[in-house]
Structures are given as C-alpha cells and as structure tokens.
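**Q** predicted model, plus sequence, below.
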Amino acid sequence: MNIHVLIDQLVAYALAQGLIEQQDKIWAINEILAVLELRDYQPSGKVKTPKTAAEILNPICDWAAEKGLISPNTVTQRDLFDTKLMNVFAARPSEIISEFAVLYKTKNPQAATDKFYHDAQALNYIRTDRVAKNIVWKSATPYGEMDITINMSKPEKDPKDIAAALQVKSSGYPQCLLCKENEGYAGHAAHPARQNLRLIPLDLLKDGKKWYLQYSPYVYYNEHCILLSGCHEPMKITKNTFARLLGFVDILPHYFIGSNADLPIVGGSILTHDHFQGGRYSFAMEKAPVETKFTIKKFPKVKAGIVRWPMSVLRLSGSKQDLINAADYILKKWRHYSDPKEDILAYTQDTPHNTITPIARRRGKAFELDLVLRNNRTTSQFPMGIFHPHEEVHHIKKENIGLIEVMGLAVLPARLATELKSLEKHLLKADLKAIEKDVSLSKHAAWVKELLTKYKFTSKNTSKILQKEVGAVFAKVLEYAGVFKRTPDGQEAFGRFIQKL
C-alpha cells in the first residue's frame, strides 16, 4: 500500500481516538515523516479509519522493513519502531497528570482512570492485539469459578534479538522495567521501548514518597494496573505496605490492589523493585465467603474470618487505620510462627520463610483486606517448595504462584494451547499409548488415564471437559500452595494459629 495512504490512516486513527485535535494534523504528519525518514508527502484523500493501532502499524512496519528502517525484521525491532511512531501522539506527562487530576476532581475517580486506560490502549502501550490472542475461559471449582488464561500474548524472543541484546552495552538506566525512568525511554534490543508509557504520581501516605500508577502492557484482566515505588528498592511487606494498599483504594475505590509476597518462590517474578498490582476486576477469591469468623481481642472493631479458599486466607474488614494495625499485628505473629506438624517452620537458621500476600479493596464505604499466609521453605523431597505446585500438577502449572494466581486467575504457559489440542485428538480415540509415546504429551499421561475412566469423550464434549479439568488441576495447584490444608487436620492447625492472635 502507498505509504502516504498509511500515514493518512494513522492520523485518522489518532484523531478518532482523541489523541490529537484537528489543529494538530499537519504537525503530526510532519512528525511521522521524520520518523519514516521521508521528505515528501501527498495527501491521499478520504481514507478508512482503522479501529485499532495494530491494524495500521503492522503495514507501516512492513513498509519500514522493506526500506531498511527496521533491521532485522523481528518482533523486538518492530516494537521499537512502532512505539517511536506512536510517541508522536503521546501527550507530555504533565498534560496527562493534569487531565487525570481535573477528571478526578470535576467528575469522579472512575472517569479519571477511564481516560487514562483508554489512552494507554489507543497509544498501543497496551498491546490489545496480542492480549486478544490469549486463550481464556472460566472453570467451575469447589471454590467458585476460576479464571483460566493460556498466555499467548508475549511473543517468543527471536534468536536475532537475543544476539542483538547481547551486543548492547549495559548502562544500568533504567535500573529495571519497573523504574519510573522508563517513562518516555526509547529502548533498545535488550530493553522495551516506552515512549508511549505515562505515569500518574500518587502520594499514598502523604509522606512525600511518590508511587506511580501505570497499566500493564499485557493486561491479564480489566484495567490491570501496576503501582510502583519511585525508588528502586526491593519488595518488602511491612506495616507501610498495608497503609499504602488501603491508601490506594481510598483514592481509587473502584479498583482493588495487592502485593506479591517479598520472598522467593512465593513472591512474583520481580522482587528487586517494590510494586503492587491492581485493577477493576472481581476475582473468585473476592467472591469467596468467610467460613469461620473470629475476633482478635486487640482489635475488637475489626471483623475477621477465614475465607473458604484453597489457600490460607484471613479476611479483615473495618476502618482503614484499624486494618493497618491489625494486619501488622498478624504479619508479625506469622513471621515467627512455626507448626512442625504442618511442615511450617518460620526460619532455617537465619533464613526467614513466612510472609504474606495482601490484597485490599472497598466494600462500599468499608475497607477490606485479605491476608494470604505464605511459606517458601524447600526440602529434598520438594526442592521447588513445600507450599508450591507439586510434581503431580507440573504438566499444567509448575511456575511460582504469585498474586494473580492467588486470587484465582491461572496464567498458564503457551505450550498448553497446542498440547490440549493434540490431547483432544487422542482422547477421541482413547489412545493413551500414543500420548505416552509423544515427547510433548507424555507428561499428561497419568492425568489422561484418570480422565478416560471418568468420561466418554465425543467431538462435542472433549474441549469443554479438558477446560473443566484444567480448572480442577489449577484448584489443586492452589491447594498445594496453601500452608494450612483443606483437611480436618489442616483446619485444626489453622485454628491453632488463630488462637495465637
């Protein structure tokens, strides 16, 4: 297609999305010409307005690759180039912050985040075309409907990109992907472009220490946001963590916010930079009821209970300050708590094992805090963690159980997309031997053998049965991650900890 037509389509898209005004049109065209290294331009007349950024950016990148502006023509290099293009339409941080503040004050918090989220999508910072590739469904379990996602959105690294990244001299700037210095950063082969990233500063504790709101480029649920510390400092669960989480839902009451734990195995993928994850979504854990109520004598105004959930969750509700104090009290008790009968040891010599994954939300005017008890101890029998998915379920999930999984959303590896399709074909023939012989499928053999005794598979039901059973395995994954098991002995042990409170 003629590059001038593509330029006109890109500008039409930006106008339709409200990224620029009509008065900006000539300026925007000239900025695009500079990125495309073009000296001439001829208006193409009336053009069709693309509905998504990817719809127009992909053919422009194809053109740029032909002209040698993208080399090698890999996903990473195309991302660097199309982000540079979208930077043309990105407002300055000061303008975004000012707009957010005005909408917050004159309308409401939701109006402010609605516009901020829209712009993150429109600027292609949130790559909606890739997120749409994820395979998602809901699966009924004894704990409610779990969300299942096979993660297809993050492209695999091209060997050319890996080689190019090795040639990039390490600068230490930005220090990591969660540092505020990523805002507007052009990126390179070893670091993604972030010219279209914008941050909203929030003073959560009114102490002058800024935290910054942004969205995840690969959203796993609606308005999946990240709240990051302005300082590059390690994850740490403290009293201030609870205060910041509750401060956030005070500012944005239509969002939840949670933190990964601060220890390896039970923590998230990035422990070097303190950050939280939130958004506008109701997970299965939020909907799970309290099954055992109790009172903490030191905090009589706080409603407390054990949640009916595969992991070990305490739910607190009450005023903000009461919850901060009660959560800190529970954290300190749990940090030093051991129950050898349940394999729970607080320390191995000086190495701590106990921590908490906290999640905050609002229930009308009331504040609510879920505290998920975690322990990261390993043994020779369980080298990946005692309270980690055991080998029996590794064919579906063996990665760490972080905040998102804790709440009931499985983020499963991309390999399962092809593996489940292949299993469907063999299940229709009840061909267990073929599965056992297939290198990529043999890990599922024991699971499949069990399924063949439970179901009669047909062309109409096989896919649905597999989805249901993947959900059942995920529920078991979470049960393994629970420090107090869903057994009479496990629940009795949970009661012993409650008595300590």
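**A** Thanks, I have it.
**Q** quick check: residue 209 touching residue 240?
**A** No - the criterion here is Cβ atoms under 8 Å, and residue 209 misses it with residue 240 at 9.2 Å. (C-beta placed from N, C-alpha, C; glycine too.)
**Q** tell me which of those two has more neighbours.
**A** Taking neighbours as other Cβ atoms under 10 Å, residue 209 and residue 240 compare with residue 240 leading, 17 against 13.
**Q** now residue 357: how far from residue 281?
**A** Distance of residue 357 to residue 281, computed by Cβ to Cβ, to the nearest Å: 17 Å.
**Q** could you do residue 73 as well?
**A** In terms of Cβ to Cβ, residue 73 sits 36 Å off from residue 281.
**Q** ok, now residue 228?
**A** With distances taken as Cβ to Cβ, residue 228 is found 19 Å from residue 281.
**Q** more neighbours: the two, which one.
**A** residue 228 (24 against 17).
**Q** count of neighbours near the closest residue to residue 415 other than its chain neighbours?
**A** Counting by Cβ to Cβ, 6 or more residues apart in numbering, the nearest residue to residue 415 once its immediate chain neighbours are dropped is residue 440, at 7.6 Å. For residue 440, the count of nearby residues is 11 (other Cβ under 10 Å).
**Q** what of the one 3 residues further on?
**A** Here the neighbour count serves as a burial measure; for residue 443 (other Cβ under 10 Å) it reads 15.
**Q** cool, and residue 386?
**A** For residue 386, the count of nearby residues is 22 (other Cβ under 10 Å).
**Q** pLDDT score for it?
**A** What the model reports as pLDDT for residue 386 is 97.
**Q** give me the most central residue, this structure.
**A** Centroid check for the chain by Cα atoms, centre = their mean gives residue 220 as the closest residue, at 5.4 Å.
**Q** same for the host helix or strand of residue 34, what does it pack against?
**A** In this assignment (DSSP states H and E), residue 34 forms part of helix 25-35. When contacts are defined as 3 or more Cβ pairs under 8 Å, 6 or more residues apart in numbering; DSSP states H and E, helix 25-35 packs onto helix 3-16, helix 75-86.
**Q** change it to 10 Å
**A** Helix 25-35 sits against helix 3-16, helix 53-66, helix 75-86, with contacts defined as 3 or more Cβ pairs under 10 Å, 6 or more residues apart in numbering; DSSP states H and E.
**Q** what angle do it and helix 75-86 make?
**A** Calculated by axes from the mean of the first three to the mean of the last three Cα atoms, to 10 degrees, helix 25-35 forms an angle of 150 degrees with helix 75-86.
**Q** CA atoms only for helix 25-35 - export them in PDB, please.
**A** This file holds the C-alpha atoms of helix 25-35, laid out as PDB (Å, rounded to 0.1, in the frame of the first residue of the first chain):
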ATOM      1  CA  LYS A  25      -2.900  17.300  11.900                       C
ATOM      2  CA  ILE A  26      -0.200  19.000   9.800                       C
ATOM      3  CA  TRP A  27       2.200  18.900  12.700                       C
ATOM      4  CA  ALA A  28       1.500  15.200  13.300                       C
ATOM      5  CA  ILE A  29       2.100  14.300   9.600                       C
ATOM      6  CA  ASN A  30       5.400  16.100   9.700                       C
ATOM      7  CA  GLU A  31       6.400  14.300  12.900                       C
ATOM      8  CA  ILE A  32       5.600  10.900  11.200                       C
ATOM      9  CA  LEU A  33       7.500  11.900   8.100                       C
ATOM     10  CA  ALA A  34      10.600  12.500  10.300                       C
ATOM     11  CA  VAL A  35      10.300   9.000  11.900                       C
END
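**Q** list the buried ones in that helix?
**A** 28-29, 32-33, 35 (16 or more other Cβ atoms under 10 Å).
**Q** the spatially closest residue to residue 178 that is not a sequence neighbour in helix, strand or coil?
**A** Spatial nearest neighbour of residue 178, excluding adjacent residues (Cβ to Cβ, 6+ apart): residue 273 at 4.1 Å. Per DSSP: H, G, I helix; E, B strand; the rest coil, the local secondary structure of residue 273 is coil.
**Q** right, and residue 273 touches residue 235 too?
**A** Yes - here residue 273 lies in contact with residue 235, judged by Cβ atoms under 10 Å, at a distance of 7.5 Å.
**Q** so between those two, which is more surrounded?
**A** Under the criterion of other Cβ under 10 Å, the comparison of residue 273 against residue 235 puts residue 235 first, with 21 against 18.
**Q** avg pLDDT for whichever strand or helix holds residue 367?
**A** Using DSSP H and E, residue 367 maps to strand 366-375. Mean pLDDT, strand 366-375: 98.
**Q** off-centre distance for the following helix or strand past it?
**A** Downstream of strand 366-375, the next assigned helix or strand under DSSP H and E is helix 403-406. The chain centroid and the centroid of helix 403-406 are separated by 9 Å under Cα atoms, centre = their mean, to the nearest Å.
**Q** now stretch 351-359
**A** 19 Å.
**Q** alpha carbons of it, as CSV, please.
**A** In CSV, the C-alpha atoms belonging to stretch 351-359 read as follows (Å, rounded to 0.1, in the frame of the first residue of the first chain):
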residue,chain,number,x,y,z
THR,A,351,16.7,-17.5,56.7
PRO,A,352,13.0,-16.4,57.1
HIS,A,353,10.3,-18.5,55.4
ASN,A,354,7.0,-16.8,56.4
THR,A,355,5.4,-13.8,54.7
ILE,A,356,2.0,-12.6,53.5
THR,A,357,0.4,-11.8,50.1
PRO,A,358,-2.0,-8.9,50.9
ILE,A,359,-5.0,-7.7,48.8
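**Q** ok, and for it, which residues are buried?
**A** Within stretch 351-359, the residues that qualify as buried are 353-359, counting by 16+ other Cβ under 10 Å.
**Q** by mean pLDDT, flag the weakest helix or strand of this protein.
**A** The weakest-scoring helix or strand in the chain, judged by mean pLDDT, DSSP states H and E, is helix 159-167 (a mean of 67).
**Q** tell me what the helix of greatest length in the chain is packed against?
**A** Across the chain, the longest stretch assigned as helix under DSSP state H is helix 462-481. The helices and strands touching helix 462-481, judged by 3+ Cβ pairs under 10 Å, 6+ apart, are strand 135-141, strand 144-150, helix 284-287, strand 366-375, helix 403-406, strand 409-412, helix 415-428, helix 445-454.
**Q** could you dump the ones you listed into JSON lines with mean neighbour count and distance to residue 53 added?
**A** Output for those, formatted as JSON lines (neighbours: other Cβ atoms under 10 Å; distance: least, Cβ to Cβ, whole Å):
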{"stretch": "strand 135-141", "mean neighbour count": "16", "distance to residue 53": "22"}
{"stretch": "strand 144-150", "mean neighbour count": "21", "distance to residue 53": "22"}
{"stretch": "helix 284-287", "mean neighbour count": "19", "distance to residue 53": "32"}
{"stretch": "strand 366-375", "mean neighbour count": "24", "distance to residue 53": "36"}
{"stretch": "helix 403-406", "mean neighbour count": "23", "distance to residue 53": "25"}
{"stretch": "strand 409-412", "mean neighbour count": "21", "distance to residue 53": "24"}
{"stretch": "helix 415-428", "mean neighbour count": "16", "distance to residue 53": "25"}
{"stretch": "helix 445-454", "mean neighbour count": "14", "distance to residue 53": "40"}
